[in-house]
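*Asks:* give me the fold of what follows.
(one chain, ligands or ions: 3)
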Amino acid sequence: MPKSFFPQIKPIQYEGPASRNPLAFKHYHAEEKVEGKSMKEHLRFAVVYWHTMRGTGGDMFGWGTAQRPWQTGEGTVKEAVLRARAMFEFVEKLGAPFYCWHDRDVAPHGPTLADSNRAFDTVGAELKKLQKDTGIRLLWGTAQNFVHPRYMHGAATSCHADAFCFAAAQVKKAMEWTHELQGEGYVFWGGREGYSTLLNTDLKREMDHLGRFLHMAVDYKKKIGFKGPFYIEPKPKEPTKHQYDSDAAACLNFLREYELLPHFKLNIETNHATLAGHTMQHELEVAAAAGALGSIDANMGDVMLGWDTDQFPTDLYLTSQVMLSILKHGGFTTGGTNFDAKVRRESFTEEDLFLAHIAGMDAFARGLKIAAAIRKDGRLAEFVTRRYRTWDTGIGARIEAGKASFADCEKHALKLGEVSGLESGRQEYLEALYNEFL
Ligand code: XLS
Ligand code: NI
Ligand code: NI
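*Replies:* Numbers count the residues shown, from 1 in each chain. Ligands and ions are numbered 1, 2, ... in the order given. Now for the predicted structure:
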């Protein structure tokens, strides 16, 4: 076994904005305080097992381009244990406090469910040891209920009840290990929970099954005493044409309809938001308005490409808007900034994995500083507060308090004759104001 998978890489240090060292942080300074809290505590960065350890750069037109020393291709538990060590060496050298996994990223699929469970137990024990040795923690775990052919019609929403049971068994086991590894939360992402055509689909029945499935998960969570939140991760399409958890609003409605909302928050991903035709900030604000803003999958798409490209987030408008919403709503508690992002196919070296995460972490550190500066300046928030001031007194206050009727509104309007005092929305001015801080 190699002693190190990244022998050329030293632990990544903060060197400041003037540094020209590509393997150093220019802005992410873990212990530096912003609004009274360290950057590390604000941002709670996590590295994903799937892209970072398992990604090869392969696409439907070409083989993988990256040959990782921890991917021997055996598909054995021995290989999986080796890979776990590579993962922890990576996360430790990067200086990220958290990581995330799907069950089948960490341990191989076995020929039977019992074999898969046994493999997971062995690798899980190794993860536990590695967490203890390094202090790296699990942000969340999840089950990979979309790769295996048995899930071709979906998992919890499959037309076949046996597939539902396999999915339930996988989630049960993944929850057990998330609990054992003291994960901060547990994620449900739709995978294949949707349809390709309504010609063969009983939509209502499938949604009911998903509701049942999630109630079973809630029951099991209570049974094992797992205290962390459940998150749903919205995505509108890909791999299916339509996913039931299509965006934040659809998820919230589903959770309310099936009386699941008290048990769930949302894990919002940028590229999923844009696929749904929304901005990331829109999705964050929708989630927060329902008190369900849980965690984020930090990445970004490409405006020219219509799929989930999962690029590392390097756009400062994006990261500062995200952090503005996060700070406004009180910051992360159990959630964090999870890099559900992959290096481009052409960026095939191990060094690129570091460079990509550094790029994302620095972009978020700057986003955090920009957001804090905008908040300190106060003009933006003040503008919004002022814009709604007619609701603070008089008829506005009475409406908000539920003390006015249609008849009261009519009386008020008749008396006025016309609305006076409408003011400019000042979008262009506000965009320029925002730019002052970039
Ligand atoms: C895929 C999703 C997935 C979830 C975890 O598009 O982003 O990676 O985050 O199952
Ligand atoms: Ni995604
Ligand atoms: Ni994701």
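
*Asks:* burial of the residue lying closest to Thr122 once chain neighbours are set aside, as a residue count?
*Replies:* Leaving aside its sequence neighbours, Thr122 sits nearest to Val77 (Cβ to Cβ, 6 or more residues apart in numbering; 5.1 Å). In this view, the C-beta of every residue, glycine as well, is placed from N, C-alpha and C. Using other Cβ atoms under 10 Å, Val77 has 19 other residues around it.

*Asks:* what of Glu193?
*Replies:* 27.

*Asks:* what strand or helix carries the nearest residue to it once chain neighbours are set aside?
*Replies:* Distances taken as Cβ to Cβ, 6+ apart place Thr157 nearest to Glu193, at 4.5 Å, with adjacent residues excluded. Applying DSSP states H and E as the criterion places Thr157 outside every helix and strand.

*Asks:* got a list of what the residue nearest to Thr122 touches?
*Replies:* 107-108, 119, 122-123 (Cβ atoms under 8 Å, 6 or more residues apart in numbering).

*Asks:* can you pick the most crowded of those?
*Replies:* Ala107 (26 neighbours).

*Asks:* helices of the stretch 101-250 of the chain, start to end?
*Replies:* Assigned by DSSP state H, counting those that start in this stretch, the helices in the stretch 101-250 of the chain fall at 103-106, 113-134, 161-180, 203-224, 248-257.

*Asks:* the contacts of Val77: which two are farthest apart?
*Replies:* Pro108 and Thr122 (10.3 Å; Cβ to Cβ).

*Asks:* common neighbours of those two, please.
*Replies:* Common neighbours of Pro108 and Thr122 (criterion: Cβ under 8 Å, 6+ apart): 77, 80.

*Asks:* look up how far ligand 1 lies from the nearest residue to Phe166 once chain neighbours are set aside.
*Replies:* With sequence-adjacent residues excluded and distances taken as Cβ to Cβ, 6+ apart, Phe166 is closest to Arg150, at 5.8 Å. Counting by Cβ to the nearest ligand atom, to the nearest Å, the separation of Arg150 from ligand 1 is 17 Å.

*Asks:* wait, Arg150 sits on Ala163?
*Replies:* Yes. Assessed by Cβ atoms under 8 Å, Arg150 is found in contact with Ala163 at 5.4 Å.

*Asks:* so between the two, which is more surrounded?
*Replies:* Ala163 (21 against 14).

*Asks:* that one: what's it in contact with?
*Replies:* Counting by Cβ under 8 Å, 6+ apart, the residues that Ala163 touches are 150-151, 153-155.

*Asks:* swap in 7 Å and give it another go.
*Replies:* 150-151, 153, 155 (Cβ atoms under 7 Å, 6 or more residues apart in numbering).

*Asks:* mind listing the strands for this structure?
*Replies:* 13-14, 24-25, 33-34, 37-38, 45-48, 98-102, 137-142, 185-189, 194-195, 230-233, 242-243, 264-269, 293-297, 337-339 (DSSP state E).

*Asks:* same list (these) but as TSV, adding distance to Ala249, mean neighbour count and mean pLDDT.
*Replies:* Below are those laid out as TSV (distance: least, Cβ to Cβ, whole Å; neighbours: other Cβ atoms under 10 Å; pLDDT from 0 to 100):
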stretch	distance to Ala249	mean neighbour count	mean pLDDT
strand 13-14	39	16	98
strand 24-25	36	19	98
strand 33-34	31	15	98
strand 37-38	30	13	98
strand 45-48	26	26	99
strand 98-102	25	26	99
strand 137-142	22	25	99
strand 185-189	17	24	98
strand 194-195	16	22	98
strand 230-233	12	24	98
strand 242-243	14	21	97
strand 264-269	10	28	98
strand 293-297	13	28	98
strand 337-339	22	27	99
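
*Asks:* any chance of these in TSV, with distance to ligand 1 too?
*Replies:* Output for the strands of the chain, formatted as TSV (distance: least, Cβ to the nearest ligand atom, whole Å):
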stretch	distance to ligand 1
strand 13-14	28
strand 24-25	25
strand 33-34	27
strand 37-38	26
strand 45-48	7
strand 98-102	6
strand 137-142	5
strand 185-189	4
strand 194-195	12
strand 230-233	5
strand 242-243	10
strand 264-269	5
strand 293-297	5
strand 337-339	8
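
*Asks:* could you dump these to CSV with distance to Lys128?
*Replies:* Output for the strands of the chain, formatted as CSV (distance: least, Cβ to Cβ, whole Å):
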stretch, distance to Lys128
strand 13-14, 29
strand 24-25, 29
strand 33-34, 32
strand 37-38, 27
strand 45-48, 17
strand 98-102, 13
strand 137-142, 10
strand 185-189, 17
strand 194-195, 35
strand 230-233, 22
strand 242-243, 33
strand 264-269, 24
strand 293-297, 22
strand 337-339, 20
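
*Asks:* between these, which gets nearest to Lys222?
*Replies:* Going by Cβ to Cβ, the one of the strands of the chain nearest Lys222 is strand 230-233, 11.6 Å.

*Asks:* which other helices and strands does that closest one contact?
*Replies:* Under the contact criterion of 3 or more Cβ pairs under 7 Å, 6 or more residues apart in numbering; DSSP states H and E, strand 230-233 touches strand 185-189, strand 264-269, strand 293-297.

*Asks:* one more pass at 6 Å, please.
*Replies:* Contacts defined by 3 or more Cβ pairs under 6 Å, 6 or more residues apart in numbering; DSSP states H and E place strand 230-233 against strand 185-189, strand 264-269.

*Asks:* run through who's touching the last one.
*Replies:* I take that to be strand 264-269. Residues external to strand 264-269 that are found in contact with it (Cβ atoms under 6 Å, 6 or more residues apart in numbering): 187, 229-233, 248, 251, 255, 283-284, 287, 292, 294-297, 340.

*Asks:* check contacts around Leu214.
*Replies:* Contacts of Leu214 (Cβ under 6 Å, 6+ apart): Leu260.

*Asks:* let me see the contact set for the residue of the stretch 151-300 of the chain found nearest ligand 3.
*Replies:* Residue of the stretch 151-300 of the chain nearest ligand 3, by Cβ to the ion: Asp297 (3.7 Å). Residues near Asp297 by Cβ under 6 Å, 6+ apart: 269, 338, 340.

*Asks:* what do you get if the cut-off is 8 Å, keeping everything else the same?
*Replies:* 233, 267-270, 272, 338-340.
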